[in-house]
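# Predicted model and sequence below, questions to follow.
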Amino acid sequence: MICLGIESTAHTFGASVMKDKEILSNVKDSYTTKSGGIIPTEAAKHHEKVKYAVVERGLREAGIKLDDVELIAFSQAPGLAPCLLQGRDIARELASRLKVPVIPVNHCIAHLEIGRMLCKCRDPVLLYVSGANTQVIAYASGKYRIFGETLDIGAGNFIDTFARHTGLGFPGGPKIAELASKGKNLIELPYSVKGMDVAFSGILTNLKQKYNSKKYKLEDLAYSLQEYAFAMLIEVAERAMAHLGKKELLLGGGVACNKRFQEMCKIMCKERGARFFCPPASVLVDNAIMICWLGLLQKNQAISWKNLDKVDINPYERTDDVIVKWR
Ligand code: ATP
Ligand code: FE2
């Protein structure tokens with residue numbers, strides 16, 4: 001079956017085509033800002049402008065015609081409503097034109113399923129660390145459940161905010177990573193694990209104060225930021241693995257591109273006799289392949305083109321709101 005996947009939860013508008021398990025294309029166009037964060041309505045305007053061109057590019061790269069598409073998947077949740085609406089609208093429009101079914105999918109679950117498929121792991125604990133999301137997710141009793149998460153901001157937003165404060169620009173993740181590799185001194189920071197959850201705003205305030213005091217080298221602050229934040233994330237992921245008796249750790253989200261983070265995860269897995277899996281960077285960050293793949297997995301739940309009014313967004317849907325019928 002040929003599926004067209006559409007991603008539009010936040011800054012990225014992406015399109016991908018898969019034929020069963022074979023990935024035929026993956027293209028995207030992302031909204032960026034010179035300074036400041038993402039403005040939802042501006043990102044949506046970006047998506048509106050580029051969406052037809054991105055879909056066309058996705059089809060062209062896959063070497064197929066629009067008429068060949070048999071199923072359309074789009075990210076329905078979670079995300080910024082104005083952005084999600086752009087994905088929903090084009091999914092509806094194309095489904096009506098082609099008379100094919102539509103399957104709305106959950107972006108967080110898509111990160112887990114694409115990792116499971118590409119890395120060939122069976123039943124992992126997903127440590128999903130992106131800009132907006134920071135969650136520990138695993139399968140239990142018919143649902144993907146959240147075993148731990150951030151109580152305030154996502155780890156990526158935390159890193160990006162500190163980077164912006166120090167004039168490093170956006171996205172800060174890669175810049176902090178580069179500076180951190182030159183840092184040598186571990187500076188004490190608040191370590192904020194609360195049960196199975198983590199919190200970053202206290203460390204962020206502390207880091208900003210330390211930076212403003214001019215008593216510390218930025219390299220050392222970057223190094224310490226990474227050591228503390230990543231240790232917190234790995235602690236809660238490890239606890240979930242221990243409680244659930246799961247033997248696989250899978251990474252997802254843009255922050256998982258960080259090499260030091262990957263190394264620390266590997267060490268934890270080795271120490272507890274678990275296996276570590278990290279998919280390619282192209283699917284760690286927001287992408288449409290994972291939407292396409294989850295759509296194919298959920299194809300039996302697709303909505304007919306005759307009922308397109310039932311196809312909608314669900315910005316606040318949580319991972320554990322979805323009943324997993326495909327595994
Ligand atoms: P989601 O909608 O899933 O929350 P997102 O829109 O926040 O995703 P992602 O692309 O998954 O976006 O992640 C973006 C984050 O990843 C940013 O905070 C960025 O700084 C960080 N990042 C990207 N590359 C790296 C890297 N090499 N090292 C560390 N952080 C990185
Ligand atoms: Fe994501």
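That came in fine, so what should we check first? Ligands and ions are numbered 1, 2, ... in the order given.
# per-residue confidence at the residue in the stretch 1-150 of the chain that ligand 2 sits nearest to?
Ranked by CB to the ion, the top residue of the stretch 1-150 of the chain for proximity to ligand 2 is Ser130, at 4.5 Å. Every C-beta, even on glycine, is put in place using the N, C-alpha and C of the backbone. Ser130 is assigned a predicted lDDT (pLDDT) of 95.
# Same question for Leu98.
Per the predicted model, pLDDT is 98 at Leu98.
# The residue nearest to it when sequence neighbours are not counted: what's it in contact with?
In this structure, Leu98 finds its nearest non-sequential neighbour in Val69, 6.0 Å apart by CB to CB, 6 or more residues apart in numbering. Contact analysis of Val69 by CB atoms under 8 Å, 6 or more residues apart in numbering lists 2-4, 17, 59, 94, 98, 100.
# ditto for Tyr223
Contacts of Tyr223 (CB under 8 Å, 6+ apart): 179-186.
# Any chance of a ChimeraX selection covering the buried ones in those residues?
To isolate the buried ones among those in ChimeraX, judged by 16 or more other CB atoms under 10 Å, type:
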select :179,180,183
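# quick check, nearest of the contacts of Tyr223 to Ser201?
When the contacts of Tyr223 are compared for distance to Ser201 (CB to CB), Ala180 wins out at 20.3 Å.
# wait, the closest one sits on Leu225?
Yes: the pair Ala180 and Leu225 qualifies as a contact (CB atoms under 8 Å) at a distance of 7.2 Å.
# Assumed Arg145 was part of a helix.
No: under DSSP: H, G, I helix; E, B strand; the rest coil, Arg145 falls outside any helix and is assigned strand.
# can you pull up the bridge partners for it?
Ala138 (DSSP bridges).
# if I look at Ala180 and Leu225, which residues touch both of them?
With CB under 8 Å, 6+ apart, Ala180 and Leu225 have no common neighbours.
# Now do the residue nearest to Leu98 against Ala274, distance only.
Distance of Val69 to Ala274, computed by CB to CB, to the nearest Å: 39 Å.
# can you check Ala231 too?
17 Å.
# that older thread, what is the burial count for the residue of the stretch 1-150 of the chain closest to ligand 2?
25 (other CB atoms under 10 Å).
# List the contacts of it.
154-156, 252-255, 285-286 are the contacts of Ser130 under CB under 8 Å, 6+ apart.
# in this structure, which residue is closest to the centre?
Gly253 (3.8 Å; CA atoms, centre = their mean).
# wouldn't that residue be in contact with Asn133 here?
Yes: when contacts are counted by CB under 8 Å, Gly253 is listed as touching Asn133 (6.5 Å).
# which one is the residue in the stretch 201-327 of the chain that ligand 2 sits nearest to nearest to, not counting chain neighbours?
Nearest residue of the stretch 201-327 of the chain to ligand 2, counting by CB to the ion: Asp286, 4.5 Å away. Excluding the flanking residues, the one nearest Asp286 by CB to CB, 6+ apart is Thr12, at 4.2 Å.
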